[in-house]
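Participant: attaching a predicted model along with its sequence, questions to come.
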Amino acid sequence: MGWAEWQREHEAALRALQLAQQAYHRAVAGNAFATPGDLATGLEAQRECLEQVDAARARLDDVRARRPE
């Protein structure tokens, strides 16, 4: 893998992590204003977003581990 290809892959993985983090923060903020009836649904969405953040972080770690010398 060349440097330019790695850069593109790294950029995509970093962007995916940033988008997942933004979605998680929106879910957390949304739960602050949830009614008791909506809270369970909101907490489930928050948990799913957190799983996506973790998966995106793991993907970024994998890409970074393959950084060309």
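Facilitator: Alright, I've got the coordinates. Numbering: from 1, shown residues only.

Participant: burial count for L43?
Facilitator: By other Cβ atoms under 10 Å, the residues close to L43 number 14. In this view, the C-beta of every residue, glycine as well, is placed from N, C-alpha and C.

Participant: might one say that it is in contact with A32?
Facilitator: No. Counting by Cβ atoms under 8 Å, L43 stays clear of A32, with 11.9 Å between them.

Participant: what's the neighbour count on the nearest residue to W6 once chain neighbours are set aside?
Facilitator: Closest residue in space to W6, ignoring its immediate chain neighbours: P68 at 5.4 Å, by Cβ to Cβ, 6 or more residues apart in numbering. The number of residues packed around P68, counting by other Cβ under 10 Å, is 10.

Participant: got it, and C49?
Facilitator: Neighbour count for C49, taken as other Cβ under 10 Å: 19.

Participant: quick one, what contacts the residue nearest to W6?
Facilitator: If you count contacts by Cβ atoms under 8 Å, 6 or more residues apart in numbering, P68 has them with 1-3, 6.

Participant: cool, E9 as well?
Facilitator: E9 neighbours (Cβ under 8 Å, 6+ apart): 1, 63.

Participant: now name the helix or strand holding it.
Facilitator: helix 3-32 (DSSP states H and E).
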